[in-house]
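>>> the sequence isn't on hand, but the structure is:
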């Protein structure tokens, strides 16, 4: 029974990990933009749930998947504006406003689900798998890497895009400046709060899409609290990443791999209490936070910008 | 204006702001209710009468307020010390489990020894659950918000494991129903009931007492002063010779201990056994209560009562008007957002004062 | 002889009417149900809610009232709801969750006029106004396990469990035994949560990646697993409630809890003034455990259905122990 080391099983785990990493990538890269500009957004979980419900409902009504993703991005944007307003304009402590946003988003998505749809479990046609021509024909590797839906491919494409934006554009330069030293950036004529608003909104859009991946690109239905803490893990991954897109990629893959691995251990009948197995990814996250030294933490992270007046 | 009068006005404003925030949240909630075709007046009447309308409602509210208060005063210590403790849920769970373990497995007859031992176990367990993030933050600079969130998940899975395996009620196995809960605790570990047959018990008194103790500690002792100094200005504190990481770790450990104690009080006072989801969001809602009480232990007393009422009334709302209980969750989220946003008003006021001075 | 029969008849009819009259004293029979999930969860809660609705149909228009509290996963809240319903004068309060038993034990003595029912449970705590009910899920699990093995010709099967407790566990244990008898290998996963749909979906994918062609599972999180089965054209067997609407072309059959016989009995006892003091088992014997076949959309060998009936009969007769490996 313990054939964990056969190729089909190993590549099966890898393939599943690649798919499971998708929401962590969208939400984690979104959070990366928040934090790079110095905003600690713990509302990701709430934004994801609102994105998940709204996209599901729209696809349920119209059957239009593209529109669903767009709506998730839109509602994510709106939630982000709320977050930005409270933590940038009103300078509220960001950890708590994020928790508030998560409470609000979780409650709202459940409330809408129960009021509009009576809490009925309905399924929608999700994004179909699109095998990459030729590459998907490679034994094992093809199935694991090149036979996913477009939202999965999109998540991985987003990594170089985010890196490009952050490191090769003037906008990215301004973002990092605002995150490291807002005073200096301000003196050089950068509008600190504008940059932060942009980043929080971009983060919200991506988090909303991360929510939509649950309803449209993986499980194809909506249930209350279905993201089950993904948003919090995504925030942790940003710390793990050392505030770099490729770090988010590595973290998301590692976390998903452990998750896929423990589930597969159970399938293979390896004796381990399921509750202990489910604990593994969380233990791992703490351990990585301990051992990965985060050198490039934005110096102004979670500090509202106060323009010195004289 | 005399300094005294100004102080008085300030404290009034500190109280009014959160109340105003709640009113705004309730108004927004009313629009939601109208959108769902419910009568907001009827709904809020049910909410209020369900929470405060009868002696039974008041007792129920007090029972809910008790763990909220214990978690809340812990949050006061942590936040005043500049650490954010999101780990209340997990700390309650381990506190509940360890106090139940002592009650079930330690063969001591005298309740005067056994009950304090249960409390001690909960305080230690909660302290460890809060202390791990505290030490990681102090020693290695690991963000405590993330570690406390992770510790919550770990506590839940640990509790699931214990309640289905080692700690499951033997009767549940015997009967074949296998509900995941511990056996009923021995009666000599139950907290004394204040007004039998209601469940009101000495745990509520303990919580209020501890709120006063925490107030004294934070404002009348050196330890408390240092914790607050570290929270207000870590750089100045370091310059002043205070070991900042130690006091931050201490603050969150104390917060964890109090949340663990909340778990013990819930188990020994009300539930008399541990089952799944024993923390019942007290860990998160305790944050709301503390914020609402201006992060002041004494202010947290009425705030907990108010939010205990909102939780009780919310369930009543579902029963009578058939408005889903998610409505109250949404409302609580709104209250948090508005309260933290409104902080800018008092901040700006004090800044203006500083400028004028 | 004839005369005495007539007298007896008159007396019993009168007694019956009197009984009916006492229950319907205020004309309306009021029932409240407290449950851990939702009335449309395709599982445990829905099974009872639908049975209560069916019960309501036997009453004249407007003479039956059914109120509900959903999502009472927190026992303290459930306890308050139960007490509140009793306080509001409901005739029957159904506490639909194993975790509510101890609360009833405490509340029931305070409301001797109210009938309480709770399950899954076997203990009415010696109270005259508590009825305990329990689904013998392992019976259904065994039958469906063997059927699944036969339907797939001994192919691999997968079980997506929520937590290792309650009737979820007994169903799964029965399924494993039955499947083994039928010649299939079974892999089992637990997600340690009743509601985590994404973990459920991932577990289902794991099973199918390892070659399982038919899956089963319980709890309100199974839609996650069913959506995977649907996508990969596998088969699904449901438990607790009819899951066919979740995936019409993939759900082979569902084990359905039909509480109607038990509720009817509770009601008729209430009419006689007996409010509890007994325990019921939902089994194949009393018609409470039912298998709903999806013959409409899937071609199912009639012999298979016959086999299921035969196995159920054998369990009823005590010839098969569904938990004996």
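Looks like it arrived, so ask away. Here the structure is a predicted model, which means the values were calculated and not measured.
>>> can I take it that residue C:94 is in a helix?
No. Counting by DSSP: H, G, I helix; E, B strand; the rest coil, residue C:94 falls outside a helix, being strand.
>>> that one: neighbour count?
Applying other Cβ atoms under 10 Å in any protein chain shown, we find 30 residues neighbouring residue C:94. Placement of C-beta: from N, CA and C, glycine included.
>>> and the pLDDT for it?
pLDDT for residue C:94: 96.
>>> how much space separates the residue in the stretch 101-250 of chain B positioned nearest to chain C from residue C:190?
Nearest to chain C in the stretch 101-250 of chain B, going by Cβ to the nearest Cβ, is residue B:179, at a distance of 3.6 Å. According to Cβ to Cβ, to the nearest Å, residue B:179 stands 16 Å off from residue C:190.
>>> centre of the chain to the lengthiest helix in chain A, how far?
Using DSSP state H to define each element, chain A has its longest helix at helix A:7-36. Put simply, helix A:7-36 sits 9 Å off its chain's centre (Cα atoms, centre = their mean, to the nearest Å).
>>> buried set for it?
Neighbour-count burial for helix A:7-36 flags A:9-36 (criterion: 16 or more other Cβ atoms under 10 Å in any protein chain shown).
>>> over to stretch C:101-120?
For stretch C:101-120, by 16+ other Cβ under 10 Å, it's C:101-108, C:111, C:114-120.
>>> with respect to residue B:194, which of the residues you listed is nearest?
Nearest to residue B:194 among those, counting by Cβ to Cβ, is residue C:106 at 16.9 Å.
>>> could you pull out the helices for the chain?
Going with chain A. With DSSP H as the criterion, chain A has helices spanning A:7-36, A:44-62, A:65-84, A:94-116, A:141-145, A:150-168, A:170-180, A:182-187, A:192-216, A:230-241, A:245-267, A:274-291.
>>> wait, chain B
Going by DSSP H, chain B shows helices at B:3-35, B:40-52, B:55-80, B:88-105, B:111-140, B:144-164, B:170-175, B:202-220, B:222-232, B:234-239, B:244-265, B:282-292, B:297-320, B:326-356.
>>> hmm, back to that, now mean pLDDT too, for the helices of chain A, in JSON lines please.
Below are the helices of chain A laid out as JSON lines (pLDDT from 0 to 100):
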{"stretch": "helix A:7-36", "mean pLDDT": "93"}
{"stretch": "helix A:44-62", "mean pLDDT": "96"}
{"stretch": "helix A:65-84", "mean pLDDT": "97"}
{"stretch": "helix A:94-116", "mean pLDDT": "90"}
{"stretch": "helix A:141-145", "mean pLDDT": "87"}
{"stretch": "helix A:150-168", "mean pLDDT": "96"}
{"stretch": "helix A:170-180", "mean pLDDT": "94"}
{"stretch": "helix A:182-187", "mean pLDDT": "92"}
{"stretch": "helix A:192-216", "mean pLDDT": "96"}
{"stretch": "helix A:230-241", "mean pLDDT": "88"}
{"stretch": "helix A:245-267", "mean pLDDT": "90"}
{"stretch": "helix A:274-291", "mean pLDDT": "84"}
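>>> can you redo those as JSON lines with distance to chain C?
JSON lines is the format used below for the helices of chain A (distance: least, Cβ to the nearest Cβ, whole Å):
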{"stretch": "helix A:7-36", "distance to chain C": "4"}
{"stretch": "helix A:44-62", "distance to chain C": "11"}
{"stretch": "helix A:65-84", "distance to chain C": "15"}
{"stretch": "helix A:94-116", "distance to chain C": "8"}
{"stretch": "helix A:141-145", "distance to chain C": "10"}
{"stretch": "helix A:150-168", "distance to chain C": "13"}
{"stretch": "helix A:170-180", "distance to chain C": "31"}
{"stretch": "helix A:182-187", "distance to chain C": "38"}
{"stretch": "helix A:192-216", "distance to chain C": "6"}
{"stretch": "helix A:230-241", "distance to chain C": "8"}
{"stretch": "helix A:245-267", "distance to chain C": "4"}
{"stretch": "helix A:274-291", "distance to chain C": "4"}
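>>> so which of those gets nearest residue B:51?
Among the helices of chain A, helix A:94-116 sits nearest to residue B:51 (Cβ to Cβ), with 18.0 Å.
>>> any chance of the helices of chain B in a markdown table, plus distance to residue C:161?
Below are the helices of chain B laid out as a markdown table (distance: least, Cβ to Cβ, whole Å):
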| stretch | distance to residue C:161 |
| --- | --- |
| helix B:3-35 | 37 |
| helix B:40-52 | 37 |
| helix B:55-80 | 31 |
| helix B:88-105 | 22 |
| helix B:111-140 | 28 |
| helix B:144-164 | 11 |
| helix B:170-175 | 17 |
| helix B:202-220 | 36 |
| helix B:222-232 | 46 |
| helix B:234-239 | 48 |
| helix B:244-265 | 28 |
| helix B:282-292 | 27 |
| helix B:297-320 | 30 |
| helix B:326-356 | 27 |
